[in-house]
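Trainee: the sequence and its predicted three-dimensional model are supplied below.
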Amino acid sequence: MFFHRQSDKTDVLKKVPLFSSLNQRQLNLIAKHADEVELKAGKVLAKQGEMGLEFLLLVEGSARVQRNGKVIAHLATGDFFGEMSLIDGKPRTATVIAETPVILLAIHRRSFNYLLDTIPGLPRKILVTLCDRLRKADETMMN
Ligand code: CMP
């Protein structure tokens, strides 16, 4: 087990860019809704075409994002994924595969929606990352 106490989770969440501006109470709330998952390299963390059940935060390790078998992005410690299917209620847009052993925090759909509704500024921060990913995808398409 990576997190021995709730406060360990909060300490890690504080260092994640998505949550860096949150206060202690908000971090505690997220920690309460986040479950630790440890997986080996090579494991599929999200599968293209399947309905998403959770939002995932990469606490340690790295992963690749593949669409139709082609690698479209890499994710590293502190990155999140799995938000798209939860936000639009459609199937996963890509497959995410662990490239190293990974430690994840998983937030179930219902908790994710609750946190988005409860923590001001969080939806906007997720939007900023979505914009960034769209810009990168557009740039890749143009080259
Ligand atoms: P979702 O569609 O729920 O499941 C697959 C996830 O891969 C997706 O959410 C995003 O979090 C992530 N993803 C999809 N496309 C990209 C991309 N171009 N760059 C980074 N991450 C991506």
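Mentor: Right, received. Where do you want to start?

Trainee: where does this structure have low pLDDT?
Mentor: Of all residues in the chain, none has pLDDT under 70.

Trainee: who in it is up against the ligand?
Mentor: Taking C-beta under 6 Å from any ligand atom as the test, the list of the chain residues beside the ligand reads 46, 52, 65, 72-73, 81-85, 92-94, 96, 133, 137. C-beta coordinates here come from the backbone N, C-alpha and C atoms, glycine included.

Trainee: tell me the buried residues within these.
Mentor: Buried by 16 or more other C-beta atoms under 10 Å: 46, 52, 65, 72-73, 81-85, 92-94, 96, out of those.

Trainee: which of these sits closest to residue 142?
Mentor: residue 72 (14.5 Å; C-beta to C-beta).

Trainee: what's the farthest-apart pair in the residues of the chain next to the ligand?
Mentor: The largest separation in these, counting by C-beta to C-beta, is between 52 and 137 at 18.9 Å.
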